[in-house]
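Undergrad: Got a predicted structure here, sequence first:
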Amino acid sequence: MKYLLAAIAFVVSAQAGANDLARQEKIAKIIEAQGLHQMFQQQLDQSRGQAAELGKDIYRKVLAESGIAPGQENPRLEQVFTRYVERCSTLFTADEMVATWARFYGSDLSTADLDKILAYYRSSAGKKDIAASQSALVGFSQALTGESRKRVGDAIEQLLADMKAAMEPAEPAAGQDAAR
């Protein structure tokens with residue numbers, strides 16, 4: 001009886017593993033059909049250039065707020081800052097993003113659902129949907145980057161103002177001067 005239960009457990013676990021493998025293969029095909037790798041790579045490529053520009057803007061703003069006159073900048077320091085911002089903007093590769101997406105995608109979908117989704121992305125309408133998404137990504141990324149630059153710039157201005165205020169000597173509380 002023990003051997004029979006062990007054999008059944010083995011068959012069930014082997015079947016579950018095969019089902020997981022089949023699901024992973026379907027998800028990989030959906031990801032390929034969606035063009036996610038290309039979309040993630042395109043987004044990463046855009047963010048690198050935009051991060052470099054943002055880094056230079058932030059660097060100049062910090063210098064201006066610090067009282068450093070134009071022409072007194074330190075090009076090496078600017079390069080260091082720009083490289084830092086670029087590294088922060090590309091913390092992941094497209095492959096890593098796809099792998100992470102695949103781990104979470106479809107956990108609530110049945111195998112039949114995955115088959116239908118894959119069929120959709122392989123259809124004419126699905127291919128048009130993918131092309132529209134890829135096309136929209138360019139404008140979407142540019143719009144978010146522009147707004148991010150503005151918001152980060154505002155946040156840095158506020159940070160510098162707060163730091164400046166925090167470094168000023170505290171005013172004595174009312175009545176402290178009279179006690180001295």
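TA: On my side now, so go ahead. Values in this document were obtained by computation on a predicted structure and should not be read as measured data.
Undergrad: in what helix or strand does the spatially closest residue to E157 that is not a sequence neighbour lie?
TA: In space, and not counting its chain neighbours, E157 is closest to K61: 7.1 Å by C-beta to C-beta, 6 or more residues apart in numbering. Bear in mind the C-beta positions are built from the backbone N, C-alpha and C, glycine included. Following DSSP states H and E, one finds K61 within helix 36-65.
Undergrad: Going by neighbour count, list what's buried in the helix or strand that comes right after that helix.
TA: Next in sequence after helix 36-65, counting helices and strands by DSSP H and E, comes helix 75-89. Residues of helix 75-89 classed as buried by neighbour count (16 or more other C-beta atoms under 10 Å): 81-82, 85-86, 89.
Undergrad: Check stretch 96-107 too.
TA: 97-98, 105-106.
Undergrad: that older thread, list the buried residues for the helix holding K61?
TA: Of the residues in helix 36-65, 36, 39-44, 46-47, 50-51, 54-55, 58-59, 63 count as buried by neighbour count, 16+ other C-beta under 10 Å.
Undergrad: Can you classify L109 as helix, strand or coil?
TA: Assigned state for L109: coil (three-state reduction, DSSP: H, G, I helix; E, B strand; the rest coil).
Undergrad: Would you mind confirming that it is in contact with D115?
TA: No: the pair L109 and D115 fails to qualify as a contact (C-beta atoms under 8 Å) at a distance of 9.8 Å.
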